[in-house]
Structures are given as C-alpha cells and as structure tokens.
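> predicted structure and sequence below. I'll ask about it afterward.
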Amino acid sequence: MTFRPTTLERAYQLARGGECRTVSDIKQKLQAEGFERIQDSLYGPSLTSALRKLCQEHFTGTVAADSPPEPNQAATD
C-alpha cells in the first residue's frame, strides 16, 4: 500500500522543498501532481500566510534548465 499525503500535507512539503516561490506555485504543482479540490484545501488567510512565509524562507532560486543564461559581465575594450 502506497501512502499519499493529503493536499495540505503536500502543500507544506512543497513550501519547505525550495522549488516553490509563491503559494500560486504550490497550487500549480499540486494540480500537476493530480491533487483535487486544491482551493478548498488551501483556503484562508492564516494558511496562505504560513505557506507564503515558508516559501520565502526555503526558496532556493534554482535556475530552470530552459532559462536563458545571464549575460556576460566582462568588460570589453
């Protein structure tokens, strides 16, 4: 038997995981993972505030593989 966390549990895992920058990122990831009734499960200002704070504390800001590279800062003469 495989254990699947509840929507709320998974939201907290995602917030602490470092990949999600905002609560909207969490909701998108939950939807992509097949969770249902996300709006119902993640409702309320206290919960939203807690998830937002965790995202800010844990977001690593990793660059996606398809992001363009940053311009070279070397000066040319």
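Perfect, I can see it now.

> now do the residue positioned nearest the centre of the chain against T2, distance only.
Nearest residue to the geometric centre of the chain (CA atoms, centre = their mean): C20, 1.9 Å. Look at C20 and T2: by CB to CB, to the nearest Å, they are 23 Å apart. Bear in mind the C-beta positions are built from the backbone N, C-alpha and C, glycine included.

> same deal with S49?
S49 is 32 Å from T2, by CB to CB.

> does anything pack onto whichever helix or strand E9 is part of? Which helices or strands?
E9 is part of helix 7-17 when elements are defined by DSSP states H and E. Secondary-structure packing of helix 7-17 (3 or more CB pairs under 8 Å, 6 or more residues apart in numbering; DSSP states H and E): helix 23-32, helix 38-41, helix 45-58.

> compare the ones you listed and give me the one nearest A15.
helix 45-58 (3.7 Å; CB to CB).

> with just CA atoms, put the closest one into PDB.
Coordinates of each C-alpha in helix 45-58 appear next as PDB, following Å, rounded to 0.1, in the frame of the first residue of the first chain:
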ATOM      1  CA  PRO A  45      -5.500  34.000   5.300                       C
ATOM      2  CA  SER A  46      -3.700  32.200   8.100                       C
ATOM      3  CA  LEU A  47      -2.800  29.100   6.000                       C
ATOM      4  CA  THR A  48      -1.900  31.300   3.000                       C
ATOM      5  CA  SER A  49       0.400  33.400   5.100                       C
ATOM      6  CA  ALA A  50       2.100  30.400   6.700                       C
ATOM      7  CA  LEU A  51       2.800  28.800   3.300                       C
ATOM      8  CA  ARG A  52       4.000  32.100   1.900                       C
ATOM      9  CA  LYS A  53       6.400  32.500   4.800                       C
ATOM     10  CA  LEU A  54       7.800  29.000   4.300                       C
ATOM     11  CA  CYS A  55       8.200  29.600   0.600                       C
ATOM     12  CA  GLN A  56      10.200  32.800   1.300                       C
ATOM     13  CA  GLU A  57      12.400  31.000   3.900                       C
ATOM     14  CA  HIS A  58      13.100  28.000   1.800                       C
END
